[in-house]
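Visitor: fold the following.
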Amino acid sequence: MARVRSSATDTAPSERPAGGGGTLEVRLAARVAALERVGPRIAAFLDGIGASARERYAVDLVLEEAFMNIVRHAFADDAEHLVDLSLRSEPGQLLLELADDGVPFDPVAHPAPARATSIEAARPGGLGLQLMWRYVDSLQYRREGGRNRLTLAIARRQAPP
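Guide: Sure, this is the predicted structure:
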């Protein structure tokens, strides 16, 4: 399996994944704009592994939702924080992992918000986790070494013959 490493200061991955496998690792500042800057590297990685349109959409959607939740909710101070992102292609699945040093938060244990009974009663937010669950096959959380680690698995489905 080829390994592609990248950091927030790299301009491009050092090599392309071969044979449908590989890993892209990126360290990002916990800022909204950071995810946009790494988008081309993620797209190049997905190109290199032959990801389908469905897989690309799922990665983009769950990555944006998870990263934005970290940026907006994980930190109780104004200090600079980093988020480690790993996107790995394995047989039959894509694994996306995000790690941060924010306050502990287990999204697996977080209950779904109650449905609003009217448009007037509806409040913005709170639906991101439900949206992520629609596009992932598993979502796992662990707190390890003072860091939140969220792992999302997206099944790779074979195209019909």
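Visitor: how about the residue nearest in space to the middle of the chain: what's its closest non-neighbour residue?
Guide: For the chain, residue 63 is the residue whose C-alpha lies nearest the centre (Cα atoms, centre = their mean; 3.0 Å). Spatial nearest neighbour of residue 63, excluding adjacent residues (Cβ to Cβ, 6 or more residues apart in numbering): residue 96 at 6.1 Å. C-beta coordinates here come from the backbone N, C-alpha and C atoms, glycine included.
Visitor: and the helix or strand harbouring the one you found, how far out from the chain's middle?
Guide: Assessed by DSSP states H and E, residue 96 sits inside strand 93-100. Strand 93-100 sits 6 Å away from the centroid of its parent chain (Cα atoms, centre = their mean, to the nearest Å).
Visitor: what's the average pLDDT for that strand?
Guide: Mean per-residue pLDDT for strand 93-100: 97.
Visitor: who's in contact with the residue nearest to the centre of the chain?
Guide: 35, 42, 85, 87, 96, 98 (Cβ atoms under 8 Å, 6 or more residues apart in numbering).
Visitor: tell me which helix or strand the second one sits in.
Guide: Under the criterion of DSSP H and E, residue 42 resides in helix 32-48.
Visitor: what's the following helix or strand after that helix?
Guide: Later in the chain than helix 32-48, the nearest helix or strand by DSSP H and E is helix 53-73.
Visitor: kindly format the C-alpha coordinates of that following helix as PDB.
Guide: Only the C-alpha atoms of helix 53-73 are listed here, as PDB (Å, rounded to 0.1, in the frame of the first residue of the first chain):
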ATOM      1  CA  ALA A  53     -19.100  10.100  -7.300                       C
ATOM      2  CA  ARG A  54     -21.100   8.700  -4.300                       C
ATOM      3  CA  GLU A  55     -17.900   8.100  -2.300                       C
ATOM      4  CA  ARG A  56     -16.600  11.600  -3.100                       C
ATOM      5  CA  TYR A  57     -19.800  13.100  -2.000                       C
ATOM      6  CA  ALA A  58     -19.900  11.100   1.200                       C
ATOM      7  CA  VAL A  59     -16.300  12.100   2.100                       C
ATOM      8  CA  ASP A  60     -16.900  15.700   1.300                       C
ATOM      9  CA  LEU A  61     -20.100  15.900   3.300                       C
ATOM     10  CA  VAL A  62     -19.000  14.000   6.500                       C
ATOM     11  CA  LEU A  63     -15.600  15.600   6.500                       C
ATOM     12  CA  GLU A  64     -17.000  19.100   6.300                       C
ATOM     13  CA  GLU A  65     -19.700  18.400   9.000                       C
ATOM     14  CA  ALA A  66     -17.200  16.700  11.400                       C
ATOM     15  CA  PHE A  67     -14.500  19.400  10.900                       C
ATOM     16  CA  MET A  68     -16.900  22.300  11.300                       C
ATOM     17  CA  ASN A  69     -18.300  20.800  14.500                       C
ATOM     18  CA  ILE A  70     -14.700  20.600  15.800                       C
ATOM     19  CA  VAL A  71     -13.900  24.200  14.800                       C
ATOM     20  CA  ARG A  72     -17.100  25.600  16.300                       C
ATOM     21  CA  HIS A  73     -17.600  23.500  19.400                       C
END
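Visitor: with that, I have no additional questions.
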